[in-house]
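A.B. asks: 3D model of this:
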Amino acid sequence: MFKSEIQFSACRNHDLLCSITAMKNDNRMPDRIDAVVADIDFTLTVKNGPLPKETKEAFEILHAHGVRIGLGTGRQLTDQVLQSGRNWGLSFELDFFVGMNGGMVRDCQTGYAYQMDLMNEKDMTDILSALMPVIMERKIAVNAEGGGNEFCMNFELYAADFAKRHGSPLIDCSGDIQTFTSKPCFKMLFRSKNRNDSEALRQRFLQSFPEHWQIVESFPGTLEVMQAGITKGSGLRKYAKEAGIPMEHIIAFGDNENDIPMLKEAGWGVCLANGSEPAKKAADAITEYDCQSGGAGRYLMDHYIHEKGWM
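C.D. replies: Numbering: from 1, shown residues only. Alright, predicted model coming up:
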């Protein structure tokens, strides 16, 4: 686990963080919010953690006043993700989902659903073949997501946690590209505890695939490869168009590279105090508190709910 995942002590120092919490431009937070969209891990909560009570309270108040609450996540929209509201102890199910980094969209009110195309065997083979020297030399873990692909490589350090989160283990096929690509997928994930190894993989990818595919960081040390042009921002636009909500009336919360398009596309983008530096630079504001301390909920309370007199 990276230090950035577990070191929140600086984020808890409210006085210090207030000095760096700032609007990134001269725009003001929207006077009207019709929807809130947020990433899950290290934005709403720590990985596999509960929803902080401050965020639960803020969501309950906003939803009671007609504000739609949704997720913008890199995860596939499984039943478990779609039931996040109840699983977190909210009194309602969430209104919408942008999943798979924008490759899946679900509007629970209208039934609208969008899903990007799966990566085919040839594309997966081309990508893995180009990256395999780095993967094997540096023991980078690889797995696919979506399309029923349950294969992995070099996954020993992550197998137990993955099985706990997803309810079933992956099938090891380390070094065997043919088996790994025998089923399609939405994206491929590459994980390393060493940031230098991740950067080496990123550079090899960019040298080989500068246009048709993209590589983004979703967690510290985790890179995801998927179709270019599909982002959480593009997925959010699909939802907003379907729901008839102006983008300027949406507030988004995120913490990492794959959240940046969503933070930029929304009317107001907020990065968590524990977020990456690129995400902070892209955001309109930074929370005073980290995700573990209910940073998103506290921000909504302090900067919107209290001002509306809803408390």
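A.B. asks: now the element after the lengthiest helix in the chain, going C-ward?
C.D. replies: Ordering each helix of the chain by length in residues (DSSP state H) puts helix 121-137 first. Scanning forward in sequence from helix 121-137 by DSSP states H and E, the next helix or strand is strand 141-145.
A.B. asks: low-scoring stretches of this protein, by residue?
C.D. replies: In the predicted model of the chain, residues 1-27 satisfy pLDDT under 70.
A.B. asks: picking that back up, what is the longest helix of the chain packed up against?
C.D. replies: Using 3 or more C-beta pairs under 8 Å, 6 or more residues apart in numbering; DSSP states H and E as the contact test, the elements touching helix 121-137 are strand 141-145, helix 177-180, strand 187-191, helix 195-208. The C-beta positions use only the backbone N, C-alpha and C, and glycine is treated the same way.
A.B. asks: domains in this structure, by residue range?
C.D. replies: 25-116+230-308, 121-227 (automatic domain parsing).
A.B. asks: could you export those domains as JSON lines, including mean neighbour count?
C.D. replies: Shown next, in JSON lines, are the domains of the chain (neighbours: other C-beta atoms under 10 Å):
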{"stretch": "domain 25-116+230-308", "mean neighbour count": "20"}
{"stretch": "domain 121-227", "mean neighbour count": "17"}
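A.B. asks: please name the residues that touch Ser198.
C.D. replies: Ile140, Phe190, Ser192, Glu217, Gly221, Thr222, Leu223 (C-beta atoms under 8 Å, 6 or more residues apart in numbering).
A.B. asks: ok, the residues you listed vs Asp31, which is closest?
C.D. replies: Glu217 (33.6 Å; C-beta to C-beta).
A.B. asks: leaving out sequence neighbours, find the closest residue to the closest one.
C.D. replies: Spatially, and ignoring its direct neighbours in sequence, Glu217 is nearest to Glu257 (4.2 Å; C-beta to C-beta, 6 or more residues apart in numbering).
A.B. asks: my guess is that neighbour meets Ser276, correct?
C.D. replies: Yes: under the criterion of C-beta atoms under 8 Å, Glu257 makes contact with Ser276 at 6.4 Å.
A.B. asks: which residues are common contacts for the two?
C.D. replies: With C-beta under 8 Å, 6+ apart as the test, Glu257 and Ser276 both reach Glu217.
A.B. asks: just the strands in the stretch 151-300 of the chain please.
C.D. replies: For the stretch 151-300 of the chain, the strands defined by DSSP state E, counting those that start in this stretch cover 151-153, 171-172, 187-191, 213-219, 222-227, 250-254, 268-271, 285-286.
A.B. asks: report the inter-axis angle for the fifth one versus strand 187-191.
C.D. replies: Translated: strand 222-227. 160 degrees (axes from the mean of the first three to the mean of the last three C-alpha atoms, to 10 degrees).
A.B. asks: just the CA atoms of strand 222-227, as CSV, please.
C.D. replies: What follows is strand 222-227, C-alpha atoms only, in CSV (Å, rounded to 0.1, in the frame of the first residue of the first chain):
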residue,chain,number,x,y,z
THR,A,222,-2.8,1.2,-10.7
LEU,A,223,-3.0,2.0,-14.4
GLU,A,224,-6.0,1.3,-16.6
VAL,A,225,-5.9,0.8,-20.4
MET,A,226,-9.1,1.4,-22.3
GLN,A,227,-10.6,3.0,-25.4
